[in-house]
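J.: from the sequence below, what's the structure:
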Amino acid sequence: MPVILTQNAYGKSKVRLTKVTRRPDRHDLVEWSVDIQLEGDFAAAYADGDNRLVVATDTMKNTVYALARDIDLASPENFALRLSEHFLAKYPQVSTAAIAIHEQAWQRIDVDGQPHPHAFIGSGPERRVCRVARTRSGPHLRAGIEGMIVLKTANSAFRNFHHDEFRTLPDTDDRIMATEVSAEWPYESTSVDGNACFDLIRRTLLKTFAEHKSLGVQHTLYAMGEAALAACSAIDEISLTMPNRHRLPINLAPFNRTNPNEIFVATDEPHGLISGTFRRQ
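T.: Just a heads-up that it's a prediction; the model follows:
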């Protein structure tokens, strides 16, 4: 039976890149995981096993390391744009180059109140992310955060929600609110200062989460999205996903003890999953 290949893409994923820039007074450390996907005139490789136009995924991996040596890794956005530009400029058979970079953040260890010049501590599961999709008509740039774990022990309520025969959860005016924030936003221009915008949006999301008097995860998610758009003029849209990482109070009555909202068990599954996308009006 004859078939038609309607879409194709291939690439290299999780190319681990660590670069140390050795300056006279300090070392700067960058650690990224780079994903590459190419689309284009590769149908013959699928249909006939004709690989003459195929850029090997090993070549893609080597390109990451070579370009990382040649240029200053000022931000994930800058490198993703440069990498995507390279694949379209060098290979006419490529119609789209999609690049995703996940950053492992490292912070300098504080020693006697001073940041150490070449010793670092990891930041846990949180990752900075950027994505570039470049076609012959130009690039599109997105950035974001994954795995940003936050928790607060006050100013979180959930009450007056729908009541039916399957509801067992009681109203509460005082619960632990914990979540793992993922956020993503497109930039209106590729000439943005990715580092400054990322830092501003991250600080705004954290500040809003901490200070917002929440009536539910949806309520806080809205406030965070609204605040991020107000803070950063370089974006017109942001999407947020926030799973509800429950902390459930333990019944201590069988042990002849009260529980004045102090003893909990953390649960991962099942969990609520709340998301929303916000655009500037």
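J.: got phi/psi on the closest residue in space to residue 158 that isn't next to it in sequence?
T.: Excluding its sequence neighbours, the residue lying closest to residue 158 (Cβ to Cβ, 6 or more residues apart in numbering) is residue 216, at 5.2 Å. In this view, the C-beta of every residue, glycine as well, is placed from N, C-alpha and C. Torsion angles at residue 216 (phi, psi; degrees, to the nearest 10) stand at phi 150, psi 160.
J.: what does the pLDDT read for residue 216?
T.: The score at residue 216 is 95. That number is its pLDDT.
J.: distance-wise, check it relative to residue 248.
T.: 17 Å (Cβ to Cβ, to the nearest Å).
J.: same question, residue 36
T.: Counting by Cβ to Cβ - residue 36 and residue 248 are separated by 43 Å.
J.: more neighbours: which of the two?
T.: Neighbours were counted for residue 36 and for residue 248 using other Cβ atoms under 10 Å; residue 36 has more, 24 against 11.
J.: wait, that one sits on residue 101?
T.: No: using Cβ atoms under 8 Å, residue 36 is not in contact with residue 101, being 10.0 Å away.
J.: tell me the SS of residue 210?
T.: Assigned by DSSP: H, G, I helix; E, B strand; the rest coil, the conformation of residue 210 is helix.
J.: find the residue closest to it in space, skipping its chain neighbours.
T.: The nearest residue in space to residue 210 (Cβ to Cβ, 6+ apart) is residue 152, at 6.3 Å.
J.: what does residue 104 give?
T.: In space, and not counting its chain neighbours, residue 104 is closest to residue 31: 4.3 Å by Cβ to Cβ, 6+ apart.
J.: do residue 197 as well
T.: According to Cβ to Cβ, 6+ apart, the nearest residue to residue 197 is residue 234 (5.1 Å).
J.: now do the contacts for the one you found.
T.: By Cβ atoms under 8 Å, 6 or more residues apart in numbering, residue 234 lies in contact with 187-189, 192, 197.
J.: show the buried residues in the residues you listed.
T.: By neighbour count, with 16 or more other Cβ atoms under 10 Å, the contacts of residue 234 hold 187, 192, 197 as buried.
J.: tell me the pLDDT of the residue nearest to residue 8 when sequence neighbours are not counted.
T.: Nearest non-adjacent residue to residue 8, counting by Cβ to Cβ, 6+ apart: residue 42, 5.6 Å away. Reading off the confidence values, residue 42 has pLDDT 97.
J.: for the residue nearest to residue 104, the count of nearby residues, please.
T.: Here the count is done by other Cβ under 10 Å, and residue 31 has 16 residues near it.
J.: next one: residue 141
T.: The burial count for residue 141: 23, using other Cβ under 10 Å.
J.: any idea which helix or strand comes after the helix or strand harbouring it?
T.: Residue 141 is part of strand 138-152 when elements are defined by DSSP states H and E. Later in the chain than strand 138-152, the nearest helix or strand by DSSP H and E is strand 177-186.
J.: within its sheet, name the partner strands of that following strand and how each one runs.
T.: When pairing is defined by DSSP bridges, strand 177-186 lines up against strand 138-152 (antiparallel), strand 237-244 (antiparallel).
J.: make a markdown table out of those strands and add mean pLDDT and distance to residue 47.
T.: Formatted as a markdown table, the strands paired with strand 177-186 follow (pLDDT from 0 to 100; distance: least, Cβ to Cβ, whole Å):
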| stretch | mean pLDDT | distance to residue 47 |
| --- | --- | --- |
| strand 138-152 | 97 | 30 |
| strand 237-244 | 97 | 37 |
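J.: could you dump these to a markdown table with distance to residue 277?
T.: A markdown table is the format used below for the strands paired with strand 177-186 (distance: least, Cβ to Cβ, whole Å):
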| stretch | distance to residue 277 |
| --- | --- |
| strand 138-152 | 12 |
| strand 237-244 | 4 |
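J.: done for today, thanks.
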